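Participant: Whatever this is, show me its structure:
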Amino acid sequence: MNAALCPKYGSLSFYRIGGGSHVLKRLPDYATQVASLDKNHLLKMRERLRQKSGGLDISNHIVESQVKCETFDRLQQKYGTFLDDLTLVVIDAEGHDGKLVEQLLLSKFCAKVIMYEDAHLSVEEKLHVKTLLLDNGYAVFRQSKMDSVAF
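Facilitator: Numbers count the residues shown, from 1 in each chain. Now for the predicted structure:
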């Protein structure tokens, strides 16, 4: 599947750092792996990347493209019983993790373990996601400074 999981079926703008090899070679390796449905997520990294790249302003090198969006329910319809016995769902969506955990809990999926990145969530979003998981019978633990796990 070449699509993003989203609250609604359709398409959305997807942002990444581009600009060719002359730009990318000045950035740390991880910068080319950062992409998001939220342009502001990339812009939050602007100052840190400017310092690590000798003054390069990434805001001039953010590339927008359209990405197909699927929902958990549409995946269930498309793949049927194959998804009924999910053991592990890993969510790393650069700031959209909370929305995806919420969407997962509202869908018909029942994963035994949900691992999600919460480093880019606000304190309020972290509490909201943790409360949703606890209310749905999961225990929630910090796995690392970036991730939490619920089972």
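
Participant: which stretches of this protein form strands?
Facilitator: 4-5, 10-17, 35-36, 62-70, 88-91, 113-117, 140-142, 147-150 (DSSP state E).

Participant: Mind listing residues that contact stretch 100-114?
Facilitator: Residues from elsewhere that reach stretch 100-114 (CB atoms under 8 Å, 6 or more residues apart in numbering): 5, 7, 71-73, 76, 83-84, 86-89, 91, 93, 116, 128-129, 132-133, 136, 138, 149-151. To be clear about C-beta, it is placed using only N, CA and C from the backbone, and glycine gets the same treatment.

Participant: now these: which count as buried?
Facilitator: 5, 71-72, 76, 83, 89, 91, 93, 116, 129, 132-133, 138, 149-150 (16 or more other CB atoms under 10 Å).

Participant: Out of those, which is nearest to residue 18?
Facilitator: Closest approach between those and residue 18, by CB to CB: residue 93, at 19.8 Å.

Participant: Would you confirm that residue 145 contacts residue 119?
Facilitator: Yes. In this structure, residue 145 is within contact of residue 119 by CB atoms under 8 Å, at 6.8 Å.

Participant: Which of those two has more residues huddled nearby?
Facilitator: residue 119 (14 against 7; other CB atoms under 10 Å).
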